[in-house]
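Visitor: This is a predicted model, with the sequence first.
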Amino acid sequence: MSLFFLLPSGHGVRVSLSGATASSIDTSAPKTAGTGFAFNTDGTVDDWDRNTGLTQISTATDWIIPNSSASSSYQMSYTSFSGDALTTDDFGGVDTWVDMGTKREVRLISDVDPEILTCTFTMQIRKGTGPVLSSAVYTIYTENGS
């Protein structure tokens, strides 16, 4: 679900979460698999991999377009969480609304060999305390093993 609205200046703004899957499989020694997502203050969404760092998924998956419309007046939260507990959770837990004035990350990291960690959740975005403008499902899959 996404919402498109016009600013008074006539410029269109699209607030939209597209959903994605981030996965990491590490079979080299030492095995330290990790992956996740970063929802950035500039409106972009990055895939995070422990071995390669942050990479913007695509300009089409940004949470707000144009990015210059991103601000801390937007809030994000995740809900409908299932699976392994997050190793990094900059949202403060399920159903906790946080402003987007700070980069927010969610990650699964494994230092155990062999191990598979996975989780799925629905990310939501709203402006202020208003209604949800967009929501989408995200999945994280991390595997350590040969």
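Guide: In hand now; what should we look at? Small disclaimer: the values here were computed from a predicted structure and weren't measured. Numbering: from 1, shown residues only.

Visitor: in the chain, which segments are predicted with low confidence?
Guide: Where the chain drops to pLDDT under 70, the residues are 1-11, 29, 146.

Visitor: at 80 what do you get?
Guide: Within the chain, the ranges that satisfy pLDDT under 80 run 1-11, 28-31, 145-146.

Visitor: tell me, what residue is most central in it?
Guide: For the chain, the residue sitting closest to the mean C-alpha position, by Cα atoms, centre = their mean, is residue 37 at 4.1 Å.

Visitor: what sits against that residue?
Guide: 20, 22, 45, 46, 47, 48, 105, 106, 107, 138, 140 (Cβ atoms under 8 Å, 6 or more residues apart in numbering). (Each C-beta comes from the backbone N, C-alpha and C, glycine too.)

Visitor: go again using 6 Å as the cut-off
Guide: Neighbouring residues of residue 37 by Cβ atoms under 6 Å, 6 or more residues apart in numbering: 22, 106.

Visitor: which stretch of helix or strand covers it?
Guide: strand 34-39 (DSSP states H and E).

Visitor: Quick check: next helix or strand after that strand?
Guide: That would be, after strand 34-39 and using DSSP H and E, strand 45-49.

Visitor: Moving C-terminal from that following strand, which element do we reach first?
Guide: Using DSSP H and E, the helix or strand that follows strand 45-49 towards the C-terminus is strand 53-56.

Visitor: Mind giving me the packing neighbours of that following strand?
Guide: strand 45-49 (3 or more Cβ pairs under 6 Å, 6 or more residues apart in numbering; DSSP states H and E).

Visitor: And the contacts of the strand it packs on?
Guide: Contact with strand 45-49 is made by 22, 24, 35, 36, 38, 39, 54, 55, 56, 57, 61, 63, as judged by Cβ under 6 Å, 6+ apart.
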